[in-house]
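A.B. asks: sequence first, predicted coordinates after that:
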Amino acid sequence: MQADVIVVGAGLAGLVTAHELTSRGRKVALVDQEGPANLGGQAYWSFGGLFLVGSPEQRRMRVRDSSELAWSDWQASAAFDRLDDEDAWAMQWARAYVEFAAGEKRSWLTSHGIGFLPTVGWAERGSLRAGGHGNSVPRFHVAWGTGPGVLEPFVRYAQQAAAAGLLTFHHRHRVDELVVDGGAVCGVRGQRLAEDDAPRGVATSREETGPFELTAQAVILTTGGIGADHDLVRRHWPARLGSPPSRMVTGVPAHVDGRMLDISARAGARLVNRDRMWHYTEGLRNFDPIWPAHGIRILPGPSSMWFDALGRWLPDPCLPGYDTLATLRYLRTTPDIAAYDHSWFILTQKIIEKEFALSGSEQNPDITGKNRAAFLRTRLLGKGAPAPVEAFKRHGADFVVAGTLDELIDGMNQLTDRPLLDADRVRQQIEARDLQITNPYSKDSQVQGIRNARRYLGDRLGRTAVPHRILDPAAAP
Ligand SMILES: Cc1cc2nc3c(=O)[nH]c(=O)nc-3n(C[C@H](O)[C@H](O)[C@H](O)COP(=O)(O)OP(=O)(O)OC[C@H]3O[C@@H](n4cnc5c(N)ncnc54)[C@H](O)[C@@H]3O)c2cc1C
């Protein structure tokens with residue numbers, strides 16, 4: 001046996017697992033198909049937003065949260081409907097996780113040196129019903145350092161454990177098979193892959209240089225999701241979301257290939273929840289891609305108007321940042337738009353400055369660099385959009401910028417194979433919305449939502465534009 005435990009996958013999950021084991025004196029073989037440049041996997045690219053309940057950051061922002069409220073939200077979002085089978089475990093896990101997030105999670109993170117921004121983000125504001133999907137309150141705690149900041153201690157522990165002889169890195173080792181003996185998994189087999197000096201995130205060669213086999217008394221798989229393999233995504237796409245788009249962008253590097261799922265099923269593992277996939281609907285093509293079909297997600301504030309491909313304002317709860325799966329379902333199942341792979345946000349310069357954040361560590365250099373002064377300057381005090389957002393506005397293939405609505409619709413029509421939008425029809429809808437801005441109250445749920453958001457200090461300071469007419473020339477382009 002080469003180790004007490006083989007951990008397959010050196011992403012954040014694998015690194016944390018390795019730390020839990022080596023800190024108890026266990027010997028770990030940490031196996032990954034990628035090389036040292038990719039240590040930490042996806043988490044390096046992530047925004048580092050963490051779910052915490054009843055935190056000091058929330059209290060300082062005057063958010064009253066509780067494990068009771070979070071558990072109610074969690075159950076509504078999860079919509080457990082297989083409680084006599086796989087959901088029995090899911091529910092117990094979820095309950096324990098909410099208690100962890102309301103209890104020891106924050107002190108566990110801070111004990112590893114991870115700290116948080118003072119403002120708390122409000123992700124997935126929900127389906128507009130108390131018993132439906134979504135976060136009733138802001139809970140998205142972004143770590144200083146974003147994903148790399150969350151990773152840093154666990155990379156350090158792994159290197160220290162390696163120096164102490166407790167951990168062995170097996171880089172560029174791709175597992176193709178689990179070894180089963182007497183009903184127990186006791187090892188892994190696979191291929192060594194050729195060295196590749198590609199920078200982090202860039203797809204690497206799959207050239208094989210020879211087989212390997214490792215054995216241990218336990219094997220833990222932390223091999224991540226399926227997002228980079230669109231065939232796999234399409235194969236498991238649930239009927240309730242209609243048909244998958246013919247063209248998608250990819251939020252994750254190529255190594256998030258999902259291969260290990262079928263490999264573990266062949267060895268007898270029982271896979272659950274394959275149909276319960278999560279997709280973000282607001283994906284943009286990265287004008288400066290790192291991995292194939294690199295997509296970036298907009299983390300939107302609540303003010304942009306969201307239209308379908310034919311120029312119709314989306315119905316509730318398909319509002320920016322509210323309910324991504326309901327929006328996806330609407331776009332993929334409404335018969336006359338399901339053939340189109342896109343929808344549109346229409347917004348103003350005032351909205352983009354305050355409300356567009358782009359997900360990912362490299363899109364948020366101020367937070368990733370733990371530069372508190374730059375964070376204050378660009379997000380809370382400064383004028384103009386943060387530089388990465390401005391760069392997307394200027395260079396992104398999916399952006400159209402114009403001084404008037406007619407010019408805007410003209411530019412949007414030029415981005416599709418044939419013109420699909422009628423300027424007068426779009427204008428009527430925007431004018432109707434703009435009439436709702438005059439009073440501090442409104443019959444329109446999105447306008448109500450904007451005002452509701454601004455009652456939350458964090459949104460008012462940094463994430464929700466002062467309500468204004470979309471067609472106000474002073475807010476243009
Ligand atoms: C841009 C972006 C923003 C994000 N923002 C957030 C956020 O704000 N909050 C949040 O909670 N999450 C966020 N996420 C998601 C989060 O980063 C991931 O869910 C998490 O990092 C996954 O970690 P993991 O260790 O499970 O998997 P991964 O990081 O995918 O690691 C799996 C590892 O397994 C290896 N592997 C796979 N198959 C094999 C095999 N057969 N043999 C050997 N090795 C194999 C892979 O090479 C990889 O290194 C974001 C992700 C991205 C990309």
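C.D. replies: Great, that's in hand.
A.B. asks: in the stretch 51-200 of the chain, which spans are helices?
C.D. replies: 56-60, 67-78, 86-102, 104-111, 146-163 (DSSP state H, counting those that start in this stretch).
A.B. asks: quick one: L21 is in a strand?
C.D. replies: No. L21 is assigned helix when assessed by DSSP: H, G, I helix; E, B strand; the rest coil, not a strand.
A.B. asks: I'd like the distance between it and M1.
C.D. replies: Applying Cβ to Cβ, to the nearest Å, the value for L21 to M1 is 14 Å. For the C-beta atoms, the positions are set from N, CA and C on the backbone; glycine is no exception.
A.B. asks: and the lengthiest strand in the chain, which strands flank it?
C.D. replies: Using DSSP state E to define each element, the chain has its longest strand at strand 208-221. Here strand 208-221 has these sheet partners by DSSP bridges: strand 3-8 (parallel), strand 184-193 (antiparallel).
A.B. asks: pull the CA atoms of the longest one into CSV?
C.D. replies: The C-alpha coordinates for strand 184-193 follow below in CSV (Å, rounded to 0.1, in the frame of the first residue of the first chain):
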residue,chain,number,x,y,z
ALA,A,184,-14.3,-2.8,-1.2
VAL,A,185,-12.4,-0.2,-3.2
CYS,A,186,-8.8,-0.7,-2.4
GLY,A,187,-7.0,1.3,-5.2
VAL,A,188,-7.0,3.1,-8.5
ARG,A,189,-5.6,2.4,-11.9
GLY,A,190,-5.0,4.8,-14.7
GLN,A,191,-2.6,6.4,-17.1
ARG,A,192,0.3,8.8,-16.6
LEU,A,193,-0.2,11.8,-18.8
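A.B. asks: so how far is that strand from its chain's centroid?
C.D. replies: The chain centre lies 30 Å from the centre of strand 184-193; the measure is Cα atoms, centre = their mean, to the nearest Å.
A.B. asks: for the chain, where's the lowest mean pLDDT among helices and strands?
C.D. replies: Every helix and strand in the chain was compared by mean pLDDT, DSSP states H and E; the lowest is helix 372-375, with a mean of 90.
A.B. asks: packing partners for that helix?
C.D. replies: Helix 372-375 sits against helix 365-368, with contacts defined as 3 or more Cβ pairs under 8 Å, 6 or more residues apart in numbering; DSSP states H and E.
A.B. asks: bridged to the residue in the stretch 51-200 of the chain that the ligand sits nearest to, which residues?
C.D. replies: Per Cβ to the nearest ligand atom, V175 is where the stretch 51-200 of the chain lies closest to the ligand, at 3.8 Å. According to DSSP bridges, the residues that bridge with V175 are G190.
A.B. asks: before we move on, what about the one 4 residues further on?
C.D. replies: On the basis of DSSP bridges, V179 is bridged to G187.
A.B. asks: send me the least confident helix or strand of the chain as PDB with only the CA atoms.
C.D. replies: Only the C-alpha atoms of helix 372-375 are listed here, as PDB (Å, rounded to 0.1, in the frame of the first residue of the first chain):
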ATOM      1  CA  ARG A 372      -9.100  47.100   0.500                       C
ATOM      2  CA  ALA A 373      -8.400  50.700  -0.700                       C
ATOM      3  CA  ALA A 374      -9.000  49.700  -4.300                       C
ATOM      4  CA  PHE A 375     -12.200  47.800  -3.300                       C
END
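A.B. asks: any idea which helix or strand comes after that helix?
C.D. replies: Next helix or strand after helix 372-375 toward the C-terminus (DSSP states H and E): helix 387-395.
A.B. asks: I'd assumed G132 was in contact with D73.
C.D. replies: No. Assessed by Cβ atoms under 8 Å, D73 is found out of contact with G132, at 9.4 Å.
A.B. asks: right, is stretch 38-51 up against the ligand?
C.D. replies: Yes. Using Cβ under 6 Å from any ligand atom, stretch 38-51 reaches the ligand at N38, G41, Q42, A43, W45, S46, F47, G48, G49.
A.B. asks: most widely separated two among those residues?
C.D. replies: N38 and G49 (21.3 Å; Cβ to Cβ).
A.B. asks: just checking, L284 touches A293?
C.D. replies: No. L284 lies out of contact with A293 (Cβ under 8 Å); the separation is 11.6 Å.
A.B. asks: okay, and the common contacts of the two?
C.D. replies: By the contact definition Cβ atoms under 8 Å, 6 or more residues apart in numbering, L284 and A293 are jointly contacted by V249.
A.B. asks: spell out which parts of the stretch 1-150 of the chain neighbour the ligand.
C.D. replies: The stretch 1-150 of the chain comes close to the ligand at residues 8-14, 31-34, 38, 41-43, 45-49, 147, as judged by Cβ under 6 Å from any ligand atom.
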